[in-house]
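> Okay, predicted coordinates and the sequence, questions at the end:
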Number of protein chains: 2
Amino acid sequence: MQAQGGSVGRVEKCLFTFAEGDDALRLESGRRLAPVTLAYETYGCLNKDATNAVLVCHALSGDSHAAGYYSQSDHKPGWWDDYVGPGKALDTDRLFVICSNVVSGCMGSTGPSSVNPQTGRPYGLDFPVVTIGDMVEAQRRLVEHLGVSRLLAVVGGSLGGMQVLEWTVRFPEMVRAAIPLATTTKHSALAIAFNEVARQAIMADPKWSNGDYYDGELPQHGLAVARMIGHITYLSDEAMRRKFDRRLQDRCDISFNFEADFQVESYLRHQGQKFTERFDANSFLYITKAADYFHLESSWGRGSLVEAFSRAQCSFLAVSFTSDWLYPTYQSRAMVQAMKKAGLDVSFCEVHADCGHDAFLLPNPRLASMLGSFIGRFLEQEPEEVADRAV
Amino acid sequence: MQAQGGSVGRVEKCLFTFAEGDDALRLESGRRLAPVTLAYETYGCLNKDATNAVLVCHALSGDSHAAGYYSQSDHKPGWWDDYVGPGKALDTDRLFVICSNVVSGCMGSTGPSSVNPQTGRPYGLDFPVVTIGDMVEAQRRLVEHLGVSRLLAVVGGSLGGMQVLEWTVRFPEMVRAAIPLATTTKHSALAIAFNEVARQAIMADPKWSNGDYYDGELPQHGLAVARMIGHITYLSDEAMRRKFDRRLQDRCDISFNFEADFQVESYLRHQGQKFTERFDANSFLYITKAADYFHLESSWGRGSLVEAFSRAQCSFLAVSFTSDWLYPTYQSRAMVQAMKKAGLDVSFCEVHADCGHDAFLLPNPRLASMLGSFIGRFLEQEPEEVADRAV
């Protein structure tokens, strides 16, 4: 399915460094991190009043490259190119779209593979465990650095959706609209379990060396297994049946050995292997831990989700997907109920999609249309506070 | 919940060796295996006409120890003690119950950890890949060795259920009643995917050494991760929430490091670790591969499940469980429809259970009552063929 609209074309990754010297980033753990660099990209232009900025938050394996191409030889555009571009749901003819790599990531932002200024060597496990709140705190610095005091919208799926939710209660005055997709206010035991097994797969790899592997061989076997585990949870029974069923891989019959007989096996092996070429095993540990720790009602509502959302001042569009069994619809429903009880303006849609949790990453005309019209509401309407201030 | 009925008391593991010399077991792969030993246990007494024998087939990590205790100091009875014993669903006052460890297992039956008579060393990966059909072929030798030409019933869950199904079409004249529980006629892509990732976790462990590890250290890290992956698929979202939710392990707050913060994490680590003390990593590879290869309609019906079941001559009681997402009810329904189209006598029940795939292993009064009354039908009714022959 081809997405409507055009491409943002050629883009560049930018770096923003802050918290140098004494102005360290204070983390939820109580530790400090300095300096902090965020890799980010922007698409479209910020308007005169700086009222058209949309922050896109990426999921576990994503990065700042949400749309466009780095060079003409790029085969693939950014990870959300179906939704970000001229005439697309996030219309870059009208919006200024920002996307940054999370703190603890490995795509240009400061993370465990970055050099620890105190030792001159990569942090490894000396990197502090960061939370979704810490990621959002760093994003706030970037947003303000870009001249934006209030975001028209924050949008993201999965781990990106957690960042969206955190934004709405941590910096309520900075968010007009929030779009959490395929996400949850807290990981279930099942979601924690999958993350933990993936982490154990990495930590079981002797090359992981307690996180201190940057000078030698990388724990690629462990990371590949971790990615394979994750990958299964992003698909669905139905999607896997349609995509693979029991079809054999390049052979007429089963092999009676331990090679990949079935297409689904070679697909997973390939996905695991490919991931190791672009992702840092320690970043995988840190980001999954941040997701497991995320617990909105505990952090902001003394155990009450309604109390947590009472802090928010924005409008919400929440979206879940029918075949997402990692963050099933019942979790989104509970979230939306709490938002309503907190008196918030919230729209909710469960989108029919048989492709599992990953649905928010795939082209979907219904999702595109919902995003476009929801964001459109805020583009057309002059923000009250800014209008007041302008008087 | 305490199961009704008594205990079979003290039991012993027995060994039966066949296919010695030239009489090798011909495997579906075309290879031959000799000699073959099966570890087995029996409970209750075979009646004079040998018409009261029930074969219990175990699942992936099970063994021949289905009921009773090996010694007074045993803390736990056999794995299906809730259902096998005097006055229980499989009433050992009336039935002669047999359970054997599958070929390729590691609990006494011939498998990759057994000594290869041609080399004097453990088989390792020289052990041939066996199928569910091969497991059943070996069981037939045991059953006949025990003086049983026709089983009153074959019963088992999961991989055990696959063996039950295979029995009904491979040796139709030997089975009066079949009870496949929480099983499928073929692995979905999702089920293959989980098995493959678990295998990859083992094979990623350098100590696995291409399966040749019996003289040195065992691939325990890889096997533990494999078990953790499997364990998640045996539970359910609901069961994990009830059992663990987000409760922390022996601490008041999150650790901000990579220790096990949550109870579900330490539970999985414990399950993984415990498994390595009793299970052979290569056996895990072989048994999961047999499960992935199982494809009843392809092996016996030229692609048609109805044609495959047309071979069967027994009555069926098929049971699925509401929260089993590894072999969901829709798979059992498809199986039961094919049985009906093949003109078979089949009862089907989807049992409400929120504990996931493992439900068939746990005490469940509804399941016990169904098993008991279904088997009772055949105990009370003199088998026609035997009666004919007796005339």
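Sure, I can see it.

> Packing partners of the helix or strand where residue A:287 lies?
Residue A:287 is part of helix A:281-293, with elements assigned from DSSP states H and E. Contacts defined by 3 or more Cβ pairs under 8 Å, 6 or more residues apart in numbering or on different chains; DSSP states H and E place helix A:281-293 against helix A:132-145, helix A:159-170, helix A:189-203, helix A:220-234. For the C-beta atoms, the positions are set from N, CA and C on the backbone; glycine is no exception.

> got the angle for that helix vs helix A:132-145?
100 degrees (axes from the mean of the first three to the mean of the last three Cα atoms, to 10 degrees).

> Can you give me the neighbour number for the residue in the stretch 51-200 of chain A positioned nearest to chain B?
Nearest residue of the stretch 51-200 of chain A to chain B: residue A:189, at 3.8 Å (Cβ to the nearest Cβ). Residue A:189 has 25 neighbours, counted by other Cβ atoms under 10 Å in any protein chain shown.

> picking that back up, how about the helices and strands packed on helix A:281-293, which one is nearest residue B:227?
Residue B:227 lies closest to helix A:189-203 among the helices and strands packed on helix A:281-293, at 9.5 Å (Cβ to Cβ).

> ok now that closest one, how far from the chain's centre?
In terms of Cα atoms, centre = their mean, to the nearest Å, the centre of helix A:189-203 is set 18 Å apart from its chain centre.

> Give the other helices and strands that it contacts.
Using 3+ Cβ pairs under 8 Å, 6+ apart, the elements in contact with helix A:189-203 are helix A:220-234, helix A:281-293, helix B:220-234, helix B:237-243, helix B:263-276.

> For those helices, give me a markdown table that also has mean neighbour count and distance to residue B:14.
Output for the helices and strands packed on helix A:189-203, formatted as a markdown table (neighbours: other Cβ atoms under 10 Å in any protein chain shown; distance: least, Cβ to Cβ, whole Å):
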| stretch | mean neighbour count | distance to residue B:14 |
| --- | --- | --- |
| helix A:220-234 | 26 | 39 |
| helix A:281-293 | 25 | 47 |
| helix B:220-234 | 26 | 28 |
| helix B:237-243 | 18 | 35 |
| helix B:263-276 | 20 | 25 |
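
> on that earlier part again, okay, the helices and strands packed on helix A:281-293, which one's buried deepest?
The highest mean neighbour count among those, using mean count of other Cβ atoms under 10 Å in any protein chain shown, belongs to helix A:159-170: a mean of 27.

> pLDDT (mean, whole number) over that helix?
Rounded to a whole number, the mean pLDDT of helix A:159-170 is 98.

> and what of stretch A:205-224?
Averaged over stretch A:205-224, pLDDT sits at 98.

> What are the contacting residues of it?
Residues from elsewhere that reach stretch A:205-224 (Cβ atoms under 8 Å, 6 or more residues apart in numbering or on different chains): A:112-113, A:121-122, A:124-125, A:201-204, A:269, A:272-273, A:275-276, A:279, A:281-282, A:284-285, B:200, B:204, B:206.

> related to what we said a few turns ago, compare the helices and strands packed on helix A:281-293 and give me the one nearest residue A:292.
Minimum separation from residue A:292 across the helices and strands packed on helix A:281-293 (Cβ to Cβ) falls at helix A:189-203, 4.9 Å.

> so what's residue A:388 scoring on pLDDT?
47.

> For the residue of the stretch 51-200 of chain A closest to chain B, list the residues it contacts.
B:237, B:240-241, B:243-246, B:262, B:264 are the contacts of residue A:189 under Cβ under 8 Å, 6+ apart.
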